[in-house]
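**Student:** Sequence and predicted structure are below.
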Amino acid sequence: MTRNTEPMEGESAMKYFAVLLDTFPKPISRAALAARVGVSKAAITKQGETLYEVCNKKEFAFRGLVLEDSETVASKIAWTFFTNKHFSAFIESAYCRAIISRLNLHENIAKSYPPFGKFFTPEDTALMVQTVLARLVVLDQVQVVSRKITDPEERAYLLSMKFLKLLPPLLDSLQVGLKNETDLKRWLSLRDRWYFFLEYIILERVKSLEILKKVESPESYLEVYSHTVRYYLEEAFEAVTSYLEARATTFKIAFKPSYRRVGGFFRPPEGMEAAHL
C-alpha cells in the first residue's frame, strides 16, 4: 500500500469518519465517500493508509469502506470527535451502538436482575445507554432521586410515584432524536416496555413491604396501592407519549392516533404480566 505522507488530522479526519459513521454497517465505495466528503477520488487514494487502519480489512479491498468495530478503532474515532467538540455525533451513531452492544451490558444487567432481560433486548439496552451518554445531564436528575433513598424500607422509592413524575423531564433532558418513522416506533416500543417493566417491579415490591404484616386487611391495602400505582403510571406515560408526539412533529414524522395507546408496540411476555392485586 502506498504510504500516506499527509495523514488526516482533526477536522479533516472527522469529515471522513463522519460519513463512515453514517453509513455503518454498510460498506461505501471510495467514489461515494469522495462525493460525500467533497474531495477528489485522488484524495481518497492519498488517505488510503489511514482509512485502512480504521476500516474492516476484509471489506477494504473488495466491497468498500466500512469501519472496523473494534475497541482500538472506536477509541481512535471517538478521540477525533471529542477533541473537535463533536463527541455527541460519535455517541449518537449506529457504530457507537454496535460497540456498546459488544460490551455485554445487557447480559450483565439481565444476569443481575433477570426480569430486565424479559422486557428489554440487547438492542434496547444499547440505545438507552447510547442516549444517556449523549446527554449526561440526565444523570444529575437521577442522582437527585437516588440520594433520597436512605432507609431500606424506602428502596422502592426510585420506582415510586415520585420517580414516575420525573419521567417526562428526564426525557426532555435527553432530547430524543428521530430520523424517521422507524426511530419513532423504536421509542414507542421502549415506552411500552418501560411502562410494563415499572408496573411489574413496583407491584411485585409492594407485596413484600413490611407494612403488610401490620395492617388488618393486606388485600385491601394492596388493591388501593395497585390502583394508585397504575394511576401515576398512566399519568406519567401519557406525558411521555405527548413528548414523543411533539418530537415527531419537530422532525416532521407522522404520529398516528393509534400510537398514543400504551401496549401497541410491546406486551409483557407470558408469566411476566403484573398481577392485578
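**Tutor:** Arrived safely, thanks for sending.

**Student:** okay, and for the stretch 151-277 of the chain, where does confidence drop off?
**Tutor:** 151-174, 209-212, 215, 274-277 (pLDDT under 70).

**Student:** please redo it, this time with the cut-off set to 80
**Tutor:** The model of the stretch 151-277 of the chain has pLDDT under 80 over residues 151-177, 204-225, 271-277.

**Student:** Would you map the helices across the stretch 101-250 of the chain?
**Tutor:** Here the stretch 101-250 of the chain has its helices, by DSSP state H, counting those that start in this stretch, at 105-112, 114-119, 122-134, 138-146, 161-164, 167-174, 181-206, 218-250.

**Student:** Please name whichever of those helices is nearest to P257.
**Tutor:** Comparison of the helices of the stretch 101-250 of the chain against P257 by CB to CB identifies helix 218-250 as nearest, at 10.1 Å. In this view, the C-beta of every residue, glycine as well, is placed from N, C-alpha and C.

**Student:** For that closest one, which helices and strands make contact with it?
**Tutor:** Counting by 3 or more CB pairs under 8 Å, 6 or more residues apart in numbering; DSSP states H and E, the packing neighbours recorded for helix 218-250 are helix 161-164, helix 167-174, helix 181-206.

**Student:** now the angle between helix 181-206 and it, please.
**Tutor:** For helix 218-250 against helix 181-206, the angle by axes from the mean of the first three to the mean of the last three CA atoms, to 10 degrees is 160 degrees.

**Student:** So for helix 218-250, what gets flagged as buried?
**Tutor:** By neighbour count on 16 or more other CB atoms under 10 Å, the buried set for helix 218-250 is 221-222, 225-226, 229-230, 232-233, 236-237, 239-241, 243-245, 247-248.

**Student:** So what does V176 have for phi and psi?
**Tutor:** Main-chain torsions, V176, degrees, to the nearest 10: phi -50, psi 130.

**Student:** give the contact list for it.
**Tutor:** 131, 187, 243-244, 247 (CB atoms under 8 Å, 6 or more residues apart in numbering).

**Student:** mind listing what the spatially most distant residue from the centre of the chain touches?
**Tutor:** Computed with CA atoms, centre = their mean, the residue of the chain farthest from its C-alpha average is E216, at 44.3 Å. Contacts for E216 (CB under 8 Å, 6+ apart) come out as none.

**Student:** do W187 as well
**Tutor:** Neighbours of W187 in contact, by CB under 8 Å, 6+ apart: 176, 178, 244.

**Student:** Please apply the same query to R267.
**Tutor:** R267 neighbours (CB under 8 Å, 6+ apart): 192, 196.

**Student:** if we can go back for a sec, can you tell me which of the helices of the stretch 101-250 of the chain is nearest to A42?
**Tutor:** That would be helix 122-134 among the helices of the stretch 101-250 of the chain, by CB to CB, at 35.7 Å.
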